[in-house]
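S.K.: With the sequence up front, the predicted model follows.
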Amino acid sequence: MNALLDASITDGWILWTLTALAIVAVIWLVVSRSWMDSLVTAAISLAVALGSTLLIRWYVNSIWKPFADPIPDQVYVWISVAIFGLVAAIRRLTIGTGVTVRVLSVLTAAVVALAVAAHVNRHFGEYPTLRVALDLRDYPTVDLADIAHTSTVPLDQWRKPSDLPTGGSVGEAEIPGATSHFDARPAKVYLPPAYFAQPRPILPVLVLLAGQPGAPVDWLTGGQLVQTMDAYAASHNGLTPVVIMADATGSELANPLCMDSALGNVATYLTTDVAAWAARALQVDSDRTRWAVGGLSYGGTCALQLTTNFPLMYPTFIDMSGQIEPTLGSRQETVAAAFHGDSARFAAVNPADILRRERFPGVAGAFVVGADDHEYRTGLESIFSLAKSAGMDVRFSTVPGGHSFTVWSRGLRAQLPWLGARLGLDRQG
């Protein structure tokens with residue numbers, strides 16, 4: 001059973017078996033005893049699928065606008081396949097007779113829908129395995145309130161005890177927006193094996209941010225954070241940063257641009273409120289040179305925003321597939337919604353504008369993007385050049401793939417050795 005649950009659903013036999021079954025299902029739904037009925041079914045299904053998909057695409061991109069960037073056309077192609085299967089199934093139900101035909105019509109439509117969902121998931125990589133898709137956790141969880149404060153020692157004086165856990169644990173935390181009044185969803189917190197030692201080493205902190213749409217838990221599902229951190233800890237005496245997966249949007253579809261504006265005080269939340277909570281609830285390093293911020297897509301943009309606006313709070317960052325600037329679709333729309341049309345206020349906090357006028361000799365960062373991410377790669381390369389010109393110690397790397405969790409999970413894994421050294425984990429005695 002574990003082999004099945006841990007098998008990839010973004011590639012491999014599960015995906016391609018579903019694809020083959022879906023092809024058979026579509027053929028069965030369309031082909032009937034009469035070639036005329038088959039032709040009519042195919043024509044109606046295709047017309048409805050194409051028309052509906054174009055209507056959905058227009059509504060999402062022009063009216064609803066839930067995302068700053070358009071949904072890839074590949075996703076709409078799969079949506080049209082799902083609609084085709086549904087319409088063909090309805091048509092087969094109306095012209096077919098008998099219980100068997102009706103049951104098969106429903107089942108085959110479900111197979112097509114499942115295959116479509118698998119291919120959309122393959123594009124984004126959010127659910128790499130059945131275990132993740134079914135929310136069957138394979139990592140320890142802990143109630144943060146049950147972890148008592150204990151004696152601590154500086155990292156360079158700490159020694160790994162013999163009874164250290166082999167892996168870290170994940171807890172959930174309500175981090176109130178006491179100063180910002182930002183209504184955030186619960187954060188997820190990864191505590192490495194070393195956090196459970198006595199005495200406890202004073203560990204650095206990594207704040208990780210999800211995309212939009214997204215949620216903190218995305219770093220545990222598609223981001224495979226626990227696996228990445230546990231692997232690093234296994235070769236570093238149980239040490240990793242404490243990772244706070246904070247909420248930077250407030251809801252799945254919200255886009256408050258990760259700044260203090262008319263859309264919410266997200267920047268204050270991620271600097272003041274998160275830091276205050278960490279000081280109360282966790283035993284972590286208070287030295288801000290031992291704090292870093294990172295994120296994917298919207299979260300990557302956010303990470304750079306926080307570093308350029310609060311370099312003393314977050315002097316280290318990882319920007320994975322971030323945008324060239326925080327946006328709601330266009331600069332005019334963004335400035336109108338966030339700053340009531342005041343473009344100077346936007347320029348005052350926009351990373352690209354800041355990097356052109358200020359220098360950051362004490363800041364270090366990593367830019368990561370998918371080699372095939374044509375939507376974001378050019379912009380990230382431009383921002384990297386600006387960061388380098390502004391005196392930042394920055395690196396740029398590409399990972400095979402597009403704008404997906406496959407890129408972001410691999411990207412974080414690849415940057416951990418650099419990040420660990422930057423945050424002082426290699427100074428353990």
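M.R.: Noted; the coordinates are in hand. Numbers count the residues shown, from 1 in each chain.
S.K.: pLDDT of the longest helix anywhere in the chain, averaged?
M.R.: Criterion DSSP state H: the longest helix present in the chain is helix 99-124. Mean pLDDT, computed over helix 99-124, is 90.
S.K.: same for it, what does it pack against?
M.R.: Helix 99-124 sits against helix 13-30, helix 73-95, with contacts defined as 3 or more Cβ pairs under 8 Å, 6 or more residues apart in numbering; DSSP states H and E. From N, CA and C alone the C-beta is placed, and that goes for glycine too.
S.K.: Pick the most buried one from the ones you listed.
M.R.: Using mean count of other Cβ atoms under 10 Å, the stretch among the helices and strands packed on helix 99-124 with the largest mean neighbour count is helix 73-95, at a mean of 19.
S.K.: what does it rub up against?
M.R.: 22, 25-26, 29-30, 32, 37, 40-42, 44-46, 48-50, 52-53, 56-57, 101-102, 105-106, 108-109, 112-113, 116, 119-120, 123 (Cβ atoms under 8 Å, 6 or more residues apart in numbering).
S.K.: And those, which of them are buried?
M.R.: Buried subset of those (neighbour count, 16 or more other Cβ atoms under 10 Å): 22, 25-26, 29-30, 32, 37, 41-42, 45-46, 48-49, 52-53, 56-57, 105, 108-109, 112-113, 116, 119-120, 123.
S.K.: Tell me which helix or strand the closest residue to Arg377 other than its chain neighbours sits in.
M.R.: Spatial nearest neighbour of Arg377, excluding adjacent residues (Cβ to Cβ, 6 or more residues apart in numbering): Val369 at 4.9 Å. Assigned by DSSP states H and E, Val369 belongs to strand 364-370.
S.K.: circling back: between the helices and strands packed on helix 99-124, which one is nearest to Pro186?
M.R.: helix 73-95 (28.7 Å; Cβ to Cβ).
S.K.: Could you tell me the angle between that closest one and helix 13-30?
M.R.: In terms of direction (axes from the mean of the first three to the mean of the last three Cα atoms, to 10 degrees), helix 73-95 departs from helix 13-30 by 40 degrees.
S.K.: So for helix 73-95, mean pLDDT?
M.R.: Rounded mean pLDDT across helix 73-95 is 92.
S.K.: any idea how far that helix is from the chain center?
M.R.: 29 Å (Cα atoms, centre = their mean, to the nearest Å).
S.K.: and if you look at stretch 60-80?
M.R.: With Cα atoms, centre = their mean, you get 18 Å for stretch 60-80.
S.K.: just to revisit the earlier point, mind listing what the residue nearest to Arg377 touches?
M.R.: Met320, Ser321, Tyr376, Arg377, Leu380, Glu381, Thr398, Val399, Val407.
S.K.: out of those residues, which is most surrounded?
M.R.: Met320 (32 neighbours; other Cβ atoms under 10 Å).
S.K.: on that earlier part again, so what's the residue nearest to Arg377 bridging to?
M.R.: Using DSSP bridges, the beta-bridge partners of Val369 come out as Thr398.
S.K.: Next, count neighbours for Leu423.
M.R.: 24.
S.K.: Give the closest residue to it in space, chain neighbours not counted.
M.R.: Per Cβ to Cβ, 6+ apart, closest to Leu423 is Pro204, 3.8 Å.
S.K.: quick one: that neighbour and Thr316, what's the gap?
M.R.: Using Cβ to Cβ, to the nearest Å, Pro204 is found at 9 Å from Thr316.
S.K.: any residues in contact with both of the two?
M.R.: Trp291, Ala292, Leu423.
S.K.: coming back round to it: phi, psi for the residue nearest to Leu423 please.
M.R.: When read as degrees, to the nearest 10, the backbone of Pro204 gives phi -70, psi 170.
S.K.: Wait, it touches Arg288, no?
M.R.: No - using Cβ atoms under 8 Å, Pro204 is not in contact with Arg288, being 10.0 Å away.
S.K.: more neighbours, those two?
M.R.: A count of neighbours by other Cβ under 10 Å puts Pro204 above the other of Pro204 and Arg288, at 25 against 17.
S.K.: OK, contacts around the more buried one?
M.R.: Pro241, Val242, Val284, Asp285, Arg290, Trp291, Ala292, Leu423, Gly424, Leu425.
S.K.: Which pLDDT does the model give the third one?
M.R.: In this case it means Val284. Confidence at Val284, expressed as pLDDT, is 97.
S.K.: next one: the last one
M.R.: pLDDT, the model's per-residue confidence, is 93 for Leu425.
S.K.: Any idea how many residues pack against it?
M.R.: If we define neighbours as other Cβ under 10 Å, then Leu425 has 25 of them.
S.K.: I'd guessed it sits against His236; true?
M.R.: Yes - with contacts counted by Cβ under 8 Å, Leu425 reaches His236, the gap being 6.2 Å.
S.K.: Relative to Leu130, how far out is the nearest residue to Trp13 once chain neighbours are set aside?
M.R.: Nearest residue to Trp13, sequence neighbours excluded (Cβ to Cβ, 6+ apart): Ala7, at 7.3 Å. Using Cβ to Cβ, Ala7 is found at 7 Å from Leu130.
S.K.: Quickly list what's touching both of these two.
M.R.: Ile14.
S.K.: Let's verify Asn237: helix, strand, or coil?
M.R.: When classified by DSSP: H, G, I helix; E, B strand; the rest coil, Asn237 comes out as coil.
S.K.: Let's see the pLDDT reported for the residue nearest to it when sequence neighbours are not counted.
M.R.: Among residues not flanking Asn237 along the chain, Lys160 sits closest, at 4.2 Å (Cβ to Cβ, 6+ apart). As predicted, Lys160 sits at a pLDDT of 93.
S.K.: isn't Lys160 right next to Ala194, touching?
M.R.: Yes - if you go by Cβ under 8 Å, Lys160 and Ala194 touch, sitting 7.4 Å apart.
S.K.: Please enumerate the shared neighbours of those two.
M.R.: In contact with both Lys160 and Ala194: Asn237, Gly238, using Cβ under 8 Å, 6+ apart.
S.K.: Low-confidence regions, the chain specifically.
M.R.: 1, 96-97, 428-429 (pLDDT under 70).
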